[in-house]
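K.L.:
Next input, structure requested:
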Amino acid sequence: MEKQRKKLILAGMILLSVSGVFAQGNGAAGITEATQMVTSYFDPATKLIYAIGAVVGLIGGVKVYNKFSSGDPDTSKTAASWFGACIFLIVAATILRSFFL
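P.N.:
Presented below is the predicted three-dimensional model:
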């Protein structure tokens, strides 16, 4: 009776240790899959940010042209702010992409 009890306890311990190994493998596979899913969004997101930067640049160009045509003295300040916004969008997208990939 004592021998059967020891075998049963040993079998239970082996089962618990093996199930822990399988659980670790599934967790690593899940993390790898999640990483691949997240990194697959960077190319479309970068292109979207570039497109937003282009639209902001066009709008800024039109606004600066309107100020310049009307003779507003703050044209250079407006041009610098719009140009800075476009540069920020492009640099931010590039740095984020290179940082995470």
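
K.L.:
Now do the same for the residue most central in space within the chain: its pLDDT.
P.N.:
Nearest to the mean C-alpha position of the chain, by CA atoms, centre = their mean, lies Phe42 at 5.8 Å. Phe42 is assigned 82 on the pLDDT scale.

K.L.:
Give me the nearest residue to it, chain neighbours excluded.
P.N.:
Arg97 (5.4 Å; CB to CB, 6 or more residues apart in numbering). In this view, the C-beta of every residue, glycine as well, is placed from N, C-alpha and C.

K.L.:
In terms of helices and strands, where is Val62?
P.N.:
helix 42-70 (DSSP states H and E).

K.L.:
Following element in sequence after that helix, please.
P.N.:
Counting by DSSP H and E, what follows helix 42-70 is helix 75-100.

K.L.:
Which positions within that following helix qualify as buried?
P.N.:
Thr75, Thr78, Ala79, Trp82, Cys86, Leu89, Ile90, Ala93 (16 or more other CB atoms under 10 Å).

K.L.:
Output those residues as a markdown table; include the columns pLDDT and distance to Gly61.
P.N.:
A markdown table is the format used below for these (pLDDT from 0 to 100; distance: CB to CB, whole Å):
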| residue | pLDDT | distance to Gly61 |
| --- | --- | --- |
| Thr75 | 87 | 12 |
| Thr78 | 87 | 11 |
| Ala79 | 88 | 9 |
| Trp82 | 87 | 7 |
| Cys86 | 85 | 10 |
| Leu89 | 85 | 15 |
| Ile90 | 85 | 15 |
| Ala93 | 85 | 20 |
